[in-house]
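Q: A structural model of the following input is requested.
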Amino acid sequence: MQAPELRPLGVGDVLDRTFNVYRAKPLLFIGLSAIWYLVLVLVFIALAVAVFAGALATFARQANNPGSPLAASPELLSGAVVGIIGFVIVGVVLAILLFSAQSAALVDAGSRRYLSKEASIGESFRAGISAAGRLFVAGILAFLAILALWAVVFIVAGIIAAVAQGGALGVLVLVLAGLIAIVGTFYIGASWLVAPVIVVLEKMGPMGALRRAWHLSEGNRWRIIGIQILLLILNLVLSVLLTGLFAFGGQSGQPGIGNVVQSLVNLASTIVWAPVEWIAFTVLYYDLRVRKEAFDLQLAAEALPQS
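A: Got it, this is the predicted structure:
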């Protein structure tokens, strides 16, 4: 793969280079995307076995209880509820951590291939594990910031609506509050879109990565939003095409098999699509550095022979 000509890119150029990087090593990116789903399945199997073993232990104690089996049924019920809640909480946290590692691994591989360096599944896999915790915390901080924005906007809107004593003015205030919150969410999302890339490639902490992403995004937020919208449209088109294809092919007398096939196809499309997004964000990161920090000149200087 020839080294890319680093220059300021348009929205179309970012996507074009994204697909060029993907096409050059498709098995690398698909493998990195798929392996984390396999790990997630194994983790959920282990959790399910642990919960099932706990339930069996509880039933065994109940069977050895000299009292009436019905007397201990509330204990069994509460134990089952606690087990299910614990399973869900642990499962969600582990899933977010694993998908953070997947994102970090894809960013690492995308960066290496974009700069014409060698990349392997094992190397990028280790990079994903290394950055997963910091990426997880950065995502939590971004989520809390957006949540705080919505809370502040609607608390203020609620106070104004209460003062206005409801009516048409109160409804208008709430509608405006919703619009402000949505616009603010897009603004924050565009400002922090490349933060995961910074966490992985510059090995920054969560707060430092968010600050740096905000700085790099200044003056480029509309381009970032445009790239997000194009990626969303492409993903929707792919999903609609696959759904329509298998809905048409599933008009057989075995709808159960059709549903299984549809689920597998949806999973496959998710695995294939994930590298597109993270390669695009990586290319965008380098584009922002070229625009803000003359990263192209830095690379050219590093390539000169050293005396």
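Q: where does the prediction get shaky in the chain?
A: 1-6, 51, 54-83, 87, 165-167, 243-260, 295-307 (pLDDT under 70).
Q: the same query, at a cut-off of 80, please.
A: 1-9, 44, 47-88, 90-91, 161-171, 239-266, 294-307 (pLDDT under 80).
Q: where do the strands sit along it?
A: For the chain, applying DSSP state E gives no strands.
Q: need the contact list for the spatially closest residue to residue 192 that is not a sequence neighbour.
A: Of all residues not flanking residue 192 in the chain, residue 213 sits nearest, at 5.0 Å (C-beta to C-beta, 6 or more residues apart in numbering). All C-beta atoms are positioned from the backbone trio N, CA, C, and that covers glycine. Contact analysis of residue 213 by C-beta atoms under 8 Å, 6 or more residues apart in numbering lists 191, 192, 193, 194, 195, 198.
Q: mind running it again at 6 Å?
A: 192, 194, 195, 198 (C-beta atoms under 6 Å, 6 or more residues apart in numbering).
Q: what about the second one, neighbour count?
A: It refers to residue 194. Number of residues near residue 194 (other C-beta atoms under 10 Å) recorded here: 27.
Q: name the nearest residue to it, ignoring sequence neighbours.
A: Sequence neighbours aside, residue 285 is the residue nearest to residue 194 in space, at 4.4 Å (criterion: C-beta to C-beta, 6+ apart).
Q: mind checking how far the one you found is from residue 291?
A: If you measure residue 285 against residue 291 using C-beta to C-beta, to the nearest Å, the figure is 11 Å.
Q: so the two - more neighbours on which side?
A: Neighbours per residue, other C-beta under 10 Å: of residue 285 and residue 291, the larger number sits with residue 285, 26 against 17.
Q: residue 196 is in contact with the residue nearest to residue 194, correct?
A: No: between residue 285 and residue 196 there is no contact, the gap being 9.3 Å when judged by C-beta atoms under 6 Å.
Q: show me where the chain has helices.
A: Counting by DSSP state H, one finds helices in the chain at the ranges 11-24, 26-63, 73-114, 121-163, 167-191, 195-201, 206-217, 221-249, 255-293, 295-303.
Q: kindly compare burial across these and name the winner.
A: Highest mean neighbour count among these (mean count of other C-beta atoms under 10 Å): helix 195-201, with a mean of 26.
Q: helices and strands around that one, which ones?
A: helix 73-114, helix 121-163, helix 206-217, helix 255-293 (3 or more C-beta pairs under 6 Å, 6 or more residues apart in numbering; DSSP states H and E).
Q: turn these into TSV, including distance to residue 48.
A: Output for the helices and strands packed on helix 195-201, formatted as TSV (distance: least, C-beta to C-beta, whole Å):
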stretch	distance to residue 48
helix 73-114	7
helix 121-163	23
helix 206-217	31
helix 255-293	18
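Q: nearest to residue 9, out of those helices?
A: Nearest of these to residue 9, taken as C-beta to C-beta: helix 255-293 at 4.6 Å.
Q: kindly check the end-to-end length of stretch 182-199 for me.
A: Terminal residues of stretch 182-199 are spaced 26 Å apart (C-alpha to C-alpha, to the nearest Å).
Q: that stretch: how far from the chain's middle?
A: 12 Å (C-alpha atoms, centre = their mean, to the nearest Å).
Q: quick one: residues in contact with it.
A: 103, 107, 131, 134-135, 138, 142, 146, 149, 204, 209-210, 212-214, 217, 221, 224-225, 281-282, 285.
Q: if you set the cut-off to 7 Å instead, what comes out?
A: Stretch 182-199 is contacted by residues 103, 107, 131, 134-135, 138, 142, 145-146, 149, 204, 206, 209-210, 212-214, 216-217, 221, 224-225, 281-282, 284-285, 288 when judged by C-beta atoms under 7 Å, 6 or more residues apart in numbering.
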